[in-house]
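Asker: how does the following fold in three dimensions:
(chains A, B and C)
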Amino acid sequence: MTRFNTNQWLALIIAVFAAAYLWMAWQIPSFPLPRPVDSDLFPKVLGFTLLALAALLFLERPAEVVSGDEEADAAAQAAREDTARSLLLSPWSRVVVTSLAIVAYALLLVPFGFVLASTLLGFGLSWYFGYRRHAINLVVSLGVVLTLYLTLTRAMGVYLPTGLLPF
Amino acid sequence: MTAKLPVKHLTLLALPLAAASLATLAQAQDWTPTRSIEFIAPANPGGGWDTLVRTTSRVIQEEGLADQNFAAINVPGGGGAVAWAQIARDSGNPHKLFATSPPIILVPLAGTSRHDHTAFTPIARLITDYSIVLVRDDSPYSDLNELFAAMQENPNLSVGGGSAPGSMDHISIAGLASAAGLNAAEVNYVPFSGGGEAMTSLMGGHVEAVITGAGEASGQLGEGSDIRALGVSAPERMGGALADVPTYQEQDIDYTFDIWRGVMGAPDMSAEAVAYYEDLFAQMLETDGWEQAREQLGWIDAYQNSEEFGDFLDAQKAQFSEVLSDLGLLGQ
Amino acid sequence: MESLNNLMYGFGIALEPMNIAYVFFGVFAGTIIGMLPGLGPISALALMIPITFAMEPSSGLILMAGVYYGAIFGGSTSSILLNAPGVAGTVATSFDGYPMAKQGMAGKALAIAAYASFIGGTVSIVFLMLVAPLLGKVAVSFGPAEYFSLMVLGLTAVVSLSDKSLVKGLIAAVLGVMISIMGIDLQTGTERYTFGSAHLLDGIDFLVVALGIFALAEVFYILLRGGGGKEAPRNAIGSLKLSRSEVSQIAPPIARSSVLGFFTGVLPGAGATIGSFLGYSMEKRLAKDGHTFGKGNIKGVAAPEAANNAACTGSFVPLLTLGVPGSGTTAVLLGALLIMGVSPGPMMLENRPDVFWGVIASMYIGNIFLLVLNLPLIPLIAKILDMPKPMLLSLILIFCMVGVYGMSFSIFDLLLLLGFGLLGLGMRLFGFPTAPLILGLILGAIMEESMRRALQISGGDWSTFIDKPISMWLLIIAALSLLLPLAKRGLTKMRSPAAS
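Answerer: Prediction:
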């Protein structure tokens, strides 16, 4: 069996997604009153369109990575570096850790309060990304967060969670 | 909250009044709030609920009716469902209120919220608006009965409204149609995203008629306007720009429809807290600041205390359920 | 002549010291609000209603209008510098503005945005003044059928937004439409793709998707490329000055997009976002160097910026002449006017000429303020790029989170933001263009809604889309704009073997 190329793998994933989407489209209940076009028609058309596009993608030859596009180049290079030091996996672990930090922020925003949670996130991530002048980091993080907080709550009358701090 | 200067000004004017009311408060209250009150608008800034929340908070603050701050909070999503789910979890919290209106009954009936009005504590009904039926100025229909006769003849005749089928505008026109002797399901209701969009479509002649809120439409009516009103769902004639618009009942259709707005609280709020808020809102309705705001916004006072409001909500639910079952939209 | 007299009268009102102060405060606050992602003009205006409550109506509207076009003016800043569009109307600006900033031309990009915004705004005020009363009728002539056809025309821009692979561009666009129809279906009240969650009943907000797919994905992408503290390439701001040839390059796109933007703005519901996308894709097709769009072409900044500011002014036409809101923002403005006791509509020109002409005159002043205010600020604001990279990255993240949370107050949306960030990263790594997704997201739901609305009115008769002349012409233009490039390609293919 021949190996699939990138586009073919992507096409398969998209096709599976389209199939699931179509399955859900058939679960949409029909509306009791007569409608010329009910809620399910559009999703069904979209699902089949996506399926057809996946088929086309399957047949399309993947663009050569060296397409003169600096972004694609860089990505490929990053991927290569990635495999080269696969033990460290450092770039990908950065993405994962940042994602986890965002999740943690989302969960702690209300209990900790806006000011505390946001300052922690800003300070922590700057540190993690490699900034080492902690005093400046703290001042900037806190300054930006406080400015945002005061603009939103005082000037605009938007309510933000206060959490542990009294304001 | 932000307008510091006028606030001070008004407080000075209202001082004697406020002092008197505080004195009565002190005698009657067994409970007073101990921290700031979260007053939730279950929608984005700018809508009806948000206006109610911000206006009442402002008036209460300016008139010095409460010792504690009223914090206006927006919790948008799901036509209110997101906020209701959040408030329902906060059982017994006496510092959590929210603005409410017919969707608290209609959204659960449509099946998109697990919490309906019985899950919360009614505090008070405050104001009401009415529905209004509009047509283009050059339309051949001179009253509602002519419109409905035409609808019977041509079931394709389209009536635009500002909300989804099964919600406020649709219930309002379907109930009216069935009171006028039509089958409610026969109304070719075309939903738009908001009354303004529906009225635009009416002006362009894309729909034959539109049902929307009377307050929203009042700015559009009058001399030189492209549209005119056939009827309003109020029990008696309204004032201002709408004084010339006949009620449904004047046209021998026995039907009224209220777009009421009120305040509810977290589930199982204590009777003392309810009494406190009932009183607070009743006093607020008497203030000059409220009168001014109400006039500017075109609202009509329709106060009911907690108990009356609760009964009213039950009656509304029965009325809406009937229309929805006529439409075949109930119990999906 | 008459409009000149009216305008003089308007200036008499707008030049009252208090009103000048309001214009200044309005555009200043608007610029800041526009720069902060998330706090769009809608919520800013809604929150301002209590302030204007006690004001003279003309002053109130002057202030609020200033905030509105100021926010659109300022919105380009975060698009260009951070790839984080704070207002939907400035998404298209980021396509070329951000690449320019990365190439060390942030100052030039911001300056072009400011000039284009100024010209777009000013040109459309002239239109507003001269033809507003006539155009009101045109605005309402757009019914559901016409909107459907307009959205179809808008979607043809997908072709020009996806260079590398048309199939991948189309897949992205379909994904965008899929996202746009999530939530309660307005036509039936049925839930679609909500997975039983109340948070998804209203669908997914545009801002969550845009900030995720552009800004967050960009941060991830930089991280993935190892962009941490070590390399720290200080991005130069570059000069603000435009050369003569650059000026002559961007002048025609600005002129065309100003007109286009104004007319899309006039149509209720179309607005700044669609105007900027149409302006961008039109220029990309017209340009000889169309292939450099998306890589930092100055015309790609000028066109959408002129268009979105022009559209913003255009949206005042239906508001002032008919009293109907053309967009969410003008709906809030309408509400504020009603509270102040003014009913906009056909009679407003006679009943309240002070409001009508005062606001128009104040817009000229406001646009000059914006230019004068913004140009000197550009070097200062662009300094943000001079920050150490790690700190810049974490600040972009905070900006996105605050933007999303400040709009929806929803933790769920923060997690969605992360999801779209990862989706955007994936799309970039596998060569899927993201712009078509955004376009599908903006146009998809309106397209479906207006199609079904039109059919509901016509009783299920599909010929309604061809029977209405405006709708028919829009569909013909859409078909042509799809077929012409293909035919062109076919012709050159046929000729080249013959020539050889």
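
Asker: how about the residues of the stretch 201-350 of chain C by chain B?
Answerer: Proximity of the stretch 201-350 of chain C to chain B (Cβ under 8 Å from any Cβ of the partner chain) is limited to residues C:201-202, C:268-269, C:318, C:322-325, C:328, C:331-332, C:334-335, C:338-341, C:343-347, C:350. For the C-beta atoms, the positions are set from N, CA and C on the backbone; glycine is no exception.

Asker: do that again at 6 Å, thanks
Answerer: Proximity of the stretch 201-350 of chain C to chain B, by Cβ under 6 Å from any Cβ of the partner chain, involves residues C:201-202, C:268, C:323-325, C:331-332, C:338-339, C:343, C:345-347.

Asker: pull the helix or strand with minimum mean pLDDT from chain A.
Answerer: helix A:70-84 (a mean of 52; mean pLDDT, DSSP states H and E).

Asker: how near is the closest residue to C:Phe316 other than its chain neighbours to B:Asn156?
Answerer: Nearest in space to C:Phe316, with sequence neighbours left out and distances taken as Cβ to Cβ, 6 or more residues apart in numbering or on different chains, is C:Leu128 at 6.1 Å. According to Cβ to Cβ, to the nearest Å, C:Leu128 and B:Asn156 sit 38 Å apart.

Asker: more neighbours: these two, which one.
Answerer: The residue with more neighbours, out of C:Leu128 and B:Asn156, is C:Leu128; 24 against 14, by other Cβ atoms under 10 Å in any protein chain shown.

Asker: I'd like the next helix or strand past the helix or strand where that one lies.
Answerer: Using DSSP states H and E, C:Leu128 sits within helix C:106-140. Next helix or strand after helix C:106-140 toward the C-terminus (DSSP H and E): helix C:144-155.

Asker: what's that following helix packed up against?
Answerer: Helices and strands touching helix C:144-155, by 3 or more Cβ pairs under 6 Å, 6 or more residues apart in numbering or on different chains; DSSP states H and E, are helix C:435-458, helix C:469-499.

Asker: got the angle for the longest one vs helix C:144-155?
Answerer: Computed by axes from the mean of the first three to the mean of the last three Cα atoms, to 10 degrees, the angle separating helix C:469-499 from helix C:144-155 equals 30 degrees.

Asker: show me what helix C:469-499 is packed against.
Answerer: Under the contact definition 3+ Cβ pairs under 6 Å, 6+ apart, helix C:469-499 sits against helix C:144-155.

Asker: name the residues that touch the helix it packs on?
Answerer: The contact list for helix C:144-155 (Cβ atoms under 6 Å, 6 or more residues apart in numbering or on different chains) reads C:274, C:443, C:446-447, C:450-451, C:453-454, C:464-465, C:468, C:470-471, C:474-475, C:477-478.

Asker: what's the answer for stretch C:70-89, then?
Answerer: C:27, C:30-31, C:33-35, C:37, C:40-41, C:90-91, C:93-94, C:97-98, C:101, C:109-110, C:113, C:117, C:206, C:210-211, C:214-215, C:218, C:272-273, C:276, C:305, C:308-309, C:312, C:370, C:384, C:396, C:399.

Asker: of these, which belong to helices?
Answerer: C:27, C:30-31, C:33-35, C:41, C:91, C:93-94, C:97-98, C:101, C:109-110, C:113, C:117, C:206, C:210, C:218, C:272-273, C:276, C:305, C:308-309, C:312, C:370, C:396, C:399 (DSSP state H).

Asker: just give me the neighbour total for the closest residue to B:Thr287 other than its chain neighbours.
Answerer: Excluding the flanking residues, the one nearest B:Thr287 by Cβ to Cβ, 6+ apart is B:Glu63, at 4.7 Å. Burial of B:Glu63 is recorded as 23 neighbouring residues (other Cβ under 10 Å).

Asker: what's the burial count for B:Gly64?
Answerer: Neighbours of B:Gly64 (other Cβ under 10 Å): 17.

Asker: separation between it and B:Thr34?
Answerer: 18 Å.

Asker: B:Ala275 too?
Answerer: Plainly put, B:Ala275 is 16 Å away from B:Thr34 if you go by Cβ to Cβ.

Asker: so who does the residue nearest the centre of chain A touch?
Answerer: Centroid-nearest residue in chain A, with Cα atoms, centre = their mean: A:Ser99, separated by 8.4 Å. Counting by Cβ under 6 Å, 6+ apart, A:Ser99 touches C:Leu418.

Asker: mind running it again at 7 Å?
Answerer: Residues in contact with A:Ser99, defined by Cβ atoms under 7 Å, 6 or more residues apart in numbering or on different chains, are C:Leu418, C:Leu422.

Asker: give me the pLDDT for it.
Answerer: At A:Ser99, the pLDDT value in this model is 93.

Asker: element containing it, please.
Answerer: Per DSSP H and E, A:Ser99 falls inside helix A:90-112.

Asker: all helices of the chain, in order?
Answerer: Picking chain A for this. Using DSSP H, the helices assigned to chain A run over residues A:6-27, A:41-59, A:70-84, A:90-112, A:114-128, A:134-150.

Asker: try chain B instead
Answerer: B:4-28, B:48-62, B:81-88, B:103-109, B:144-153, B:168-179, B:195-203, B:214-218, B:271-286, B:288-297, B:306-327.

Asker: just the CA trace of the shortest one, in PDB.
Answerer: Taking Å, rounded to 0.1, in the frame of the first residue of the first chain, the C-alpha atoms of helix B:214-218 are listed here in PDB:
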ATOM      1  CA  ALA B 214     -45.100  50.000  20.600                       C
ATOM      2  CA  GLY B 215     -42.300  51.900  22.300                       C
ATOM      3  CA  GLU B 216     -39.800  51.000  19.600                       C
ATOM      4  CA  ALA B 217     -42.300  51.900  16.900                       C
ATOM      5  CA  SER B 218     -43.500  55.200  18.300                       C
END
